[in-house]
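In: sequence isn't available, so here's the structure alone:
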């Protein structure tokens, strides 16, 4: 983006798990549109790093298949656990009531 005049620091990453992706793929190959997940680490107007990402459960819910949606919710939980482990705040959108 520097070539276009941008001066923000940012890096994007693709993060995935082949086993979880396969659980969705077997129901609808189009789920690979959102797997692996995309993350961007960037700076706003402060030196604090920010992490931006699409909500996995929302990305996979659009397929209308409960099996795919359930994997998206599992990814939400895994992402929430990672953020908690790193000492970062966990957005409420990543928290789901226990299934049962």
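Out: Nice, I can see it. Model, not experiment: these values are computed from the prediction. Residues are numbered from 1 along each chain as shown.
In: from residue 8, how far out is the residue lying closest to residue 34 once chain neighbours are set aside?
Out: Distances taken as C-beta to C-beta, 6 or more residues apart in numbering place residue 59 nearest to residue 34, at 4.1 Å, with adjacent residues excluded. Quick note: C-beta positions are derived from backbone N, CA and C, even for glycine. Per C-beta to C-beta, to the nearest Å, residue 59 is found 24 Å from residue 8.
In: the two: which has the busier surroundings?
Out: A direct count of neighbours by other C-beta atoms under 10 Å for residue 59 and residue 8 places residue 59 higher, at 19 against 10.
In: ok, the more buried one touching residue 71?
Out: No: judged on C-beta atoms under 8 Å, residue 59 makes no contact with residue 71 at a distance of 10.5 Å.
In: mind listing what's buried in the top helix by length along the chain?
Out: Using DSSP state H, we find that the single longest helix of the chain is helix 66-85. Buried residues in helix 66-85, counted by 16 or more other C-beta atoms under 10 Å: 68, 69, 70, 71, 72, 73, 74, 75, 76, 79, 80.
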